[in-house]
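A.B. asks: Predicted model, plus sequence, below.
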Amino acid sequence: MADLQTTRPKASAISSHITNNNHEAPHLATAAQVQHNLQHQHLWTSLVGHTIPGETTQSRPLQAPQDPIQLISGYPPHRVYTHPDEQLYMLENKIQEDDLQPERMFVVPTTQGQPWSLRHMAVVFDRLPEFIEQAREDDESSSVKAADDPEKAAKLAGYYAKREEAGRTKEWGSRRVLLAMVDKGMGGDGTVAYYVVQEGEVKPRQN
């Protein structure tokens, strides 16, 4: 009778990605899994990692997380979220989503059951302007998309000016990120769910 040889199953693509890139620390492994999901399942491009260092000293400020927080930013193939007032402005001015320049979106990787508080999220939003500015300086895609039609170009220029103003006044909502939650619990299949999280209180809409 021939000897039966036991062979180890081949590692999955995400497991190989985590191991080969030395992302075995818990926060790095979760970020690597989310990045893999964004790139290969949701077709995001220009993905970049950002790290908020943890503060492990006993004298750390109340708002500082003990463990590092890893963020990911990139360009989704389509807009993830459009504020209703911004959508109304686009409709009134006949501006299509395809007319606009890509918008970099930030993602916060987490796992189901991971301790996460409003304090942690506040730290993310406090550091977000710094990461946005860094990405803007390094990213050639941040230039305004040109339009062949002069009338369309004028409308787009008005839109970008309006969006910059709305960013200061929060007329079109506050800063927002995606919270990525990976199912790693008992029997979890590694599914990643994404939730839009906005900074501060969201003003209710009046119909």
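C.D. replies: Nice, thanks for sending it over. Just so it is clear, the structure is predicted and the values come from calculations on it, not from any experiment.

A.B. asks: Show me where this protein has its helices.
C.D. replies: 13-20, 26-40, 84-92, 118-138, 150-169 (DSSP state H).

A.B. asks: JSON lines for these, including distance to Gln112 and mean pLDDT?
C.D. replies: Glycine gets a C-beta too; all of them are placed from N, C-alpha and C. Shown next, in JSON lines, are the helices of the chain (distance: least, CB to CB, whole Å; pLDDT from 0 to 100):
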{"stretch": "helix 13-20", "distance to Gln112": "16", "mean pLDDT": "57"}
{"stretch": "helix 26-40", "distance to Gln112": "11", "mean pLDDT": "89"}
{"stretch": "helix 84-92", "distance to Gln112": "30", "mean pLDDT": "92"}
{"stretch": "helix 118-138", "distance to Gln112": "16", "mean pLDDT": "86"}
{"stretch": "helix 150-169", "distance to Gln112": "32", "mean pLDDT": "90"}
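
A.B. asks: tell me the most buried of those?
C.D. replies: Comparing the helices of the chain by mean neighbour count (mean count of other CB atoms under 10 Å), helix 26-40 comes out on top with a mean of 21.

A.B. asks: now the helices of the chain in TSV, with distance to Ile69?
C.D. replies: Listed next are the helices of the chain as TSV, based on distance: least, CB to CB, whole Å:
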stretch	distance to Ile69
helix 13-20	18
helix 26-40	7
helix 84-92	28
helix 118-138	6
helix 150-169	23
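
A.B. asks: so which of those helices comes closest to Leu71?
C.D. replies: Leu71 lies closest to helix 118-138 among those, at 6.7 Å (CB to CB).

A.B. asks: what about the closest one, distance to the chain center?
C.D. replies: Taking CA atoms, centre = their mean, to the nearest Å, one finds the center of helix 118-138 at 11 Å from the center of the full chain.

A.B. asks: Kindly report the same for stretch 175-186.
C.D. replies: Put simply, stretch 175-186 sits 10 Å off its chain's centre (CA atoms, centre = their mean).

A.B. asks: List of residues touching it?
C.D. replies: If you take CB atoms under 8 Å, 6 or more residues apart in numbering as the criterion, stretch 175-186 is touched by 30, 33-34, 37, 71-72, 80-81, 105-113, 124-125, 128-129, 188-199.

A.B. asks: Show me which positions of that stretch end up buried.
C.D. replies: By neighbour count on 16 or more other CB atoms under 10 Å, the buried set for stretch 175-186 is 175-182, 184.

A.B. asks: Could you take those residues and lay them out as CSV, with extra columns for pLDDT?
C.D. replies: Below are the buried residues of stretch 175-186 laid out as CSV (pLDDT from 0 to 100):
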residue, pLDDT
Arg175, 89
Arg176, 92
Val177, 95
Leu178, 95
Leu179, 94
Ala180, 94
Met181, 92
Val182, 91
Lys184, 76
